[in-house]
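Undergrad: sequence below, structure please.
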Amino acid sequence: MKTLGLLGGMSWESTTTYYQEINRRVRQVQGGLHSAKCVVFSFDFAEIESLQHAGKWDEAGQMLEDASVKLQLAGADAIVLCTNTMHMVSGGIESKCKLPLIHITDPTAESIKKAGFRSVGLLGTRFTMEKDFYKTRLAEKHGLRVIVPNQEGRDIVHSIIYKELCNGIITEESREAYRRVISDLAKEGAECLILGCTEIGLLVNAAGSELPIFDTTKIHALAAADWAMA
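TA: A predicted model of the protein is given here:
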């Protein structure tokens with residue numbers, strides 16, 4: 001069993017899900033009292049969030065790079081970046097700590113293609129929906145057509161993530177707002193839906209979406225567990 005280094009705390013709500021899903025997968029496969037070998041670096045998300053919204057991605061990236069080196073020194077064999085948005089700086093993490101990074105988009109895309117879908121709706125933070133680092137990898141590496149909400153929809157999705165989901169706040173009003181955004185994506189031709197923020201799964205599930213969903217948090221966690229056991 002290899003040791004996973006989790007870069008978490010962005011937010012801790014979803015990092016908890018990562019830890020649970022990784023360990024459940026190991027127990028499911030290996031049985032008995034087996035669990036995953038993990039070391040975790042958990043950020044104070046307020047520090048990362050302020051850098052994100054100030055556009056200081058290099059500074060935020062440096063913080064993650066330094067943390068990844070600490071995970072390596074603590075015995076990690078691979079890095080699991082427990083957030084979609086901060087994969088914007090994943091290249092720097094890989095070069096700084098020299099460990100493999102299990103990228104969140106790759107197992108997600110493989111799951112989508114295996115299910116026979118080619119056109120995907122993407123929900124996430126404004127950064128994930130609007131910047132190229134995520135959409136380009138899905139399109140160029142995996143051949144997927146990526147559809148994002150319109151400006152109003154992006155504003156709604158982003159605001160609910162930071163003001164509510166990252167604070168563990170779940171409301172029926174916000175769930176209905178997401179349903180409307182998802183319905184619009186379906187009308188634009190999306191065949192399925194990527195929950196491209198690790199908190200969205202706290203609000204949206206298969207019963208609340210007219211599109212088949214692919215929850216990046218769970219998919220990424222299972223991929224990490226399988227890598228550690230391979």
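
Undergrad: what's near enough to touch Asn205?
TA: Neighbour list for Asn205: Ile213 [criterion: CB atoms under 8 Å, 6 or more residues apart in numbering]. Where you see a C-beta, it was placed from the backbone N, CA and C, and this is true even at glycine.

Undergrad: if I look at Ser14, how far off is Ala228?
TA: Remark: distance between Ser14 and Ala228 (CB to CB, to the nearest Å) = 19 Å.

Undergrad: which of these two has more neighbours?
TA: Ser14 (25 against 21; other CB atoms under 10 Å).

Undergrad: that one is in what secondary structure piece?
TA: helix 12-30 (DSSP states H and E).

Undergrad: tell me the buried residues in stretch 223-230?
TA: Of all the residues in stretch 223-230, those buried under the rule 16 or more other CB atoms under 10 Å are Ala223, Ala224, Ala225, Trp227, Ala228.

Undergrad: that's a helix at Thr83, yeah?
TA: No - counting by DSSP: H, G, I helix; E, B strand; the rest coil, Thr83 is not part of a helix but coil.

Undergrad: name the nearest residue to it, ignoring sequence neighbours.
TA: Nearest residue to Thr83, sequence neighbours excluded (CB to CB, 6 or more residues apart in numbering): Met10, at 4.2 Å.

Undergrad: ok, the one you found - contacts?
TA: Phe43, Phe45, Ile48, Cys82, Thr83, Thr85, Met86, Thr198 are the contacts of Met10 under CB under 8 Å, 6+ apart.

Undergrad: so what's the closest residue to the second one other than its chain neighbours up against?
TA: The shortest distance from Phe45 to any residue other than its chain neighbours is 4.8 Å, reached at Ser11 (CB to CB, 6+ apart). For Ser11, the contacting residues are Phe45, Leu165, Cys166, Asn167, Glu199, by CB under 8 Å, 6+ apart.

Undergrad: and the first one, what is it in contact with?
TA: Right, Phe45. Phe45 sits next to Gly9, Met10, Ser11, Trp12, Cys166 when contact means CB under 8 Å, 6+ apart.

Undergrad: out of those, which comes closest to Asp184?
TA: Cys166 (23.7 Å; CB to CB).

Undergrad: what about that closest one, how many residues nearby?
TA: Neighbour number of Cys166 under other CB under 10 Å is 22.

Undergrad: skipping adjacent residues, who's closest to it in space?
TA: Nearest residue to Cys166, sequence neighbours excluded (CB to CB, 6+ apart): Ser11, at 4.2 Å.

Undergrad: off-centre distance for stretch 217-224?
TA: Mean-position distance between stretch 217-224 and its chain equals 9 Å (CA atoms, centre = their mean, to the nearest Å).

Undergrad: I'd say Ala115 and Pro212 touch.
TA: Yes - applying CB atoms under 8 Å, one finds Ala115 in contact with Pro212, separated by 7.0 Å.

Undergrad: compare neighbour counts for these two and give me the winner.
TA: Set side by side, Ala115 and Pro212 show more neighbours around Pro212, with 14 against 11, by other CB under 10 Å.

Undergrad: and that one, what pLDDT?
TA: Here, the pLDDT recorded for Pro212 equals 95.

Undergrad: for it, give me its contacts.
TA: Ala115, Phe117, Glu191, Cys192, Leu193, Ala206.

Undergrad: just name the closest of those to Ala139, please.
TA: Comparing the contacts of Pro212 against Ala139 with CB to CB places Phe117 closest, at 13.8 Å.

Undergrad: all helices of the protein, in order?
TA: In the chain, the helices defined using DSSP state H lie at 12-30, 45-53, 57-73, 90-97, 105-114, 126-130, 132-136, 142, 151-163, 172-187, 216-229.
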